[in-house]
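**Q** Got a sequence here, can you build the structure:
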Amino acid sequence: MGHVTNGVHMPSWDSAAADDVWTHSCGKDRWLGTSDTLESDICQVSDDQLWQFRVDSTHALVDYARKRLSRQLAGSGSSPEEIEEAKHLFDPNTLTLGFARRFATYKRPNLLLHDPDRLLRLLTNAEHPVQLIIAGKAHPADTAGQNLIRQWIEFIRHPVARRHVIFLSDYDMSLTEHLVQGSDVWVNTPRRPWEASGTSGMKVLVNGGINLSELDGWWAGAYTPEVGWAIGDGREHGDDPAWDANEAEQLYNVLESEVVPEFYDRNDQGIPTKWLSRMRASMSRLTPQYSATRTVREYTEQHYLPAALAFRNRSSLGGTVGTNIVHWERSLREKWNSLAFGELRIRSINDEHHFEADVYLDGLDPNSVSVELYADGVTDESPVRQTMNRFAASKRSEPDWATYHATVTTGRPASDFTPRIVPKHECVNVPLEFDLIKWQR
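**A** Sure, this is the predicted structure:
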């Protein structure tokens, strides 16, 4: 069993401004081959150029959000005054947070609303203001998800909040594209471990956005302190309201003490150097790693090419190997129900458990199966699979019996281990292709 982490098709999600920056430093064909030099190439972009690119991106997002919101209000029958006001909302020079996804309870889209007064103070800080663009939909049958959207709408109706938070309806690919291209920070707050991947956060990488996310999905593997911010402890706590409150507190603290101060800490040229350092690290280290180029390469190297090689081997020489596999499988299926364990002997000496197991093979070739000791994994460890070796001579006098032995440390009780029989063939992926198994108990 293996895995390949998702990636996104970067050319589909980078803005024109981002494309210019990457093309200037890495070439137009940067996603068509290996990405070995992308990290060093993007690091050559000057601070001035990199910051101007981000400024332009935020201006473009604010302009888009104003137009979309004004159309949204016009379509809902809002007053001319409200529509006109929407055309002037937001400041392109203000720190802009983006949050867009399907509204479902496990995604906790309202974690920021845990303390509305504190959020309002964060947004309306006179020296270091923050603005938030929210977008999303709930499934038509998901009443709880719809209620989460209503809570945000109620908050936005506050006369002060409405100048710092907007909710854009009719969430679609076009809206997502603009948000991932222009948001300074991408916020993601799922309840661990329910985030399958979280590809929206990957889409901001190429555009210079920085992630602030729960340690779940792709961010659990991508996060380091140099490339973004994280909340959570990397463990599972279920739907405990006390833990939700704990992580809401973490979210507020990270925003107040790290994200906001770093964005507004400028040098003499008006450039946030610490912010740019984090942004550059995120772009250079994570964009190549979470691109579809890497994903396709890993699928090819780890799965497609081995599968093609296996097919070639099985079909070579007129399909001799494939024919042998069919005969092996047929023989196992005919004999499998008659395979049985006899006596199991366990001796614990010093710091070792010594296992011996008698196995009835009913004339089956011993090389067509493997006998092993198995124990479930504990905590985050993998299961233990210890191969049992066959004695040259069985300890039983009857025909068709074999005796197997193995030794494990006493770090775990002997009762944790159970012998089992599984098929074995060098050209067959067990248990994917052949899932028979015989347990001793």
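
**Q** So Glu226, which state does it fall into?
**A** Under the three-state scheme (DSSP: H, G, I helix; E, B strand; the rest coil), Glu226 adopts coil.

**Q** need the contact list for it.
**A** Taking CB atoms under 8 Å, 6 or more residues apart in numbering, we find Glu226 in contact with 277-278, 281, 285. In this view, the C-beta of every residue, glycine as well, is placed from N, C-alpha and C.

**Q** Among these, the buried ones, what's the ChimeraX command?
**A** Buried residues within those, by 16 or more other CB atoms under 10 Å, are selected in ChimeraX with:
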select :278,281,285
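
**Q** Mind putting the contacts of Glu226 into a markdown table with secondary structure and pLDDT?
**A** Below are the contacts of Glu226 laid out as a markdown table (DSSP: H, G, I helix; E, B strand; the rest coil; pLDDT from 0 to 100):
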| residue | secondary structure | pLDDT |
| --- | --- | --- |
| Ser277 | helix | 96 |
| Arg278 | helix | 97 |
| Ala281 | helix | 96 |
| Arg285 | helix | 94 |
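
**Q** Out of the contacts of Glu226, which comes closest to Arg347?
**A** Closest approach to Arg347 among the contacts of Glu226 (CB to CB): Arg285, at 52.4 Å.

**Q** picking that back up, quick one: which of the contacts of Glu226 is nearest Thr58?
**A** Nearest to Thr58, judged by CB to CB, of the contacts of Glu226 is Arg278 at 16.1 Å.

**Q** Apart from its chain neighbours, what residue comes closest to that closest one?
**A** Ile210 (6.0 Å; CB to CB, 6 or more residues apart in numbering).

**Q** quick one on the thing from earlier: ok, the contacts of Glu226 vs Pro413, which is closest?
**A** Relative to Pro413, the closest of the contacts of Glu226 is Arg285; by CB to CB it sits at 44.1 Å.

**Q** Could you list the low-pLDDT ranges of this structure?
**A** Applying pLDDT under 70 to the chain flags the ranges 1, 34.

**Q** quick one: the strands in it?
**A** Shown for the chain, the strands assigned by DSSP state E span residues 95-100, 130-135, 165-168, 185-188, 210-214, 228-231, 340-349, 352-360, 369-375, 384-387, 389-390, 401-409, 418-423, 438-439.

**Q** Verify the contact between Leu344 and Val359 for me.
**A** No - at 10.0 Å, Leu344 does not count as touching Val359 under the criterion of CB atoms under 8 Å.

**Q** More neighbours: which of the two?
**A** Remark: of Leu344 and Val359, Val359 carries more neighbours, 25 against 14, as counted by other CB atoms under 10 Å.

**Q** Now for the residue lying closest to that one once chain neighbours are set aside, how many residues are close by?
**A** Nearest residue to Val359, sequence neighbours excluded (CB to CB, 6+ apart): Ala402, at 5.3 Å. For Ala402, the neighbour count with other CB under 10 Å is 21.

**Q** Ala402 against Leu364, yeah?
**A** No - at 9.7 Å, Ala402 does not count as touching Leu364 under the criterion of CB under 8 Å.

**Q** Provide a list of residues in contact with His303.
**A** Neighbour list for His303: 2, 4 [criterion: CB under 8 Å, 6+ apart].

**Q** Could you report the distance from it to Thr295?
**A** Relative to Thr295, His303 is positioned 11 Å away (CB to CB, to the nearest Å).

**Q** overlap in contacts of those two?
**A** Shared contacts of His303 and Thr295 (CB under 8 Å, 6+ apart): Val4.

**Q** Identify the bridge partners of Val8.
**A** Val8 forms beta bridges with Ser291, as assigned by DSSP bridges.

**Q** Show the contacting residues for it.
**A** When contacts are counted by CB under 8 Å, 6+ apart, Val8 touches 199, 202-203, 290-292.
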